[in-house]
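Engineer: Just a sequence and a predicted model for now, questions to come.
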Amino acid sequence: MNKFWILIASKDTFPTIIKHEIYGFSDKSTKIAKKIREGDLVALYLIPKKIVGFFKITDINIDSNLKFEGRYYGFKVKLSESNLPDKPLEFTRDLVDRISIFKDKKSWGGVLMGKSGVEITKKDYNLLKKRSEKK
């Protein structure tokens, strides 16, 4: 059964992710990376506060010497079937209130802070995708 994820990118790593359709996990994120499987679906979150694309994981732990802004990440996944909305989906108060992983609505950013990714529900993923298509 497929899982659903928000994977987090910085403005520095975002261009490399989009250009090569590869996402790299830092060494401290191996616990999350090991849970990801081929076929899982991803919403790509760009710091600060926006979803910039949707992808499918098509290969895990690919062998690539690709560096992200000069940094090498040992565990990488191949992204495909990209869906990049014309306009990023901003994380508004209304949207945050509807996403189940954000239990503390006032400090919701702490759920994502310092992480490469977080698992979300299918319902949350579909909400993000639907909202991004309305733009």
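Structural biologist: Sure, I can see it.

Engineer: Please spell out the segments of this structure that come in under the pLDDT threshold.
Structural biologist: When residues are selected by pLDDT under 70, those of the chain lie in 105-114, 134-135.

Engineer: moving C-terminal of the strand ranked longest in it, what's the next helix or strand?
Structural biologist: Ranked by number of residues, the top strand in the chain under DSSP state E is strand 50-60. Later in the chain than strand 50-60, the nearest helix or strand by DSSP states H and E is strand 67-68.

Engineer: what's the spacing between that next one and its chain's center?
Structural biologist: Offset of strand 67-68 from its chain centre (C-alpha atoms, centre = their mean, to the nearest Å): 17 Å.

Engineer: Mind listing the strands it pairs with, and their directions?
Structural biologist: strand 71-72 (antiparallel) (DSSP bridges).

Engineer: so what secondary structure elements neighbour the longest helix seen in the chain?
Structural biologist: Identified as the longest helix of the chain according to DSSP state H is helix 122-133. When contacts are defined as 3 or more C-beta pairs under 8 Å, 6 or more residues apart in numbering; DSSP states H and E, helix 122-133 packs onto strand 4-9, strand 41-46, strand 50-60, strand 89-90, helix 93-98. From N, CA and C alone the C-beta is placed, and that goes for glycine too.

Engineer: just to revisit the earlier point, would you mind listing the outside residues contacting the longest strand of the chain?
Structural biologist: Applying C-beta atoms under 8 Å, 6 or more residues apart in numbering, the contact partners of strand 50-60 are 6, 9, 14, 18, 21, 36-46, 77-85, 88-91, 128-129, 132.
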